[in-house]
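*Asks:* no FASTA, just this:
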């Protein structure tokens, strides 16, 4: 399994941008599809975006479609989430996850993925 460490969170005003990164350890990163999830205080964890191992497929939650972009760099074992036009509702702890099966990220409410990071806080002020 890969080990994941997120970075890039912080405080930003509404309308601003942030770029989250997730660094993976291990030689098999390119075999994993990657996903981003978030959890706001008092709310359930929710899917944000996912990308296939080759980077040729991606999927987004409706709430972030057109504002967020997921990408990956297999040579450097990283996956990123570019977040633009941020809203206060985007405030949450953001987690990256790895799964050998890209389709597992597309199942609503499925959180049993192979690896998870520790999360990074994103706060969007009004």
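*Replies:* Arrived safely. Just so it is clear, the model here is predicted, and its values are computed rather than measured.

*Asks:* how far away is the residue nearest the centre of the chain from residue 126?
*Replies:* The chain has residue 36 as the residue nearest its centroid, 2.0 Å off, counting by Cα atoms, centre = their mean. With distances taken as Cβ to Cβ, to the nearest Å, residue 36 is found 23 Å from residue 126. (C-beta placed from N, C-alpha, C; glycine too.)

*Asks:* ditto for residue 88
*Replies:* To residue 126, residue 88 is 5 Å away according to Cβ to Cβ.

*Asks:* again, but for residue 74
*Replies:* 38 Å.

*Asks:* out of the two, which sits in the busier spot?
*Replies:* Of the pair residue 74 and residue 126, residue 74 is the one with more neighbours under other Cβ atoms under 10 Å, namely 15 against 6.

*Asks:* is that one in contact with residue 30, as I believe?
*Replies:* Yes - between residue 74 and residue 30 there is a contact at 4.2 Å, judged by Cβ atoms under 8 Å.

*Asks:* mutual contacts of these two, please.
*Replies:* Common contact partners of residue 74 and residue 30 (Cβ atoms under 8 Å, 6 or more residues apart in numbering): residue 53.

*Asks:* all strands for the protein, in order.
*Replies:* For the chain, the strands defined by DSSP state E cover 3-7, 10-13, 18-25, 33-39, 46-51, 58-60, 68-73, 78-83, 92-99, 115-116, 120-125.

*Asks:* neighbours of residue 39, how many?
*Replies:* Residue 39: 14 surrounding residues under other Cβ under 10 Å.

*Asks:* before we move on, back to that, out of the strands of the chain, which is closest to residue 105?
*Replies:* strand 46-51 (3.6 Å; Cβ to Cβ).

*Asks:* now do the residue lying closest to residue 112 once chain neighbours are set aside against residue 110, distance only.
*Replies:* Leaving out its chain neighbours, the residue that sits closest to residue 112 by Cβ to Cβ, 6 or more residues apart in numbering is residue 104, at 7.9 Å. Residue 104 sits 6 Å away from residue 110, going by Cβ to Cβ.

*Asks:* pLDDT value on residue 109, please?
*Replies:* pLDDT for residue 109: 84.
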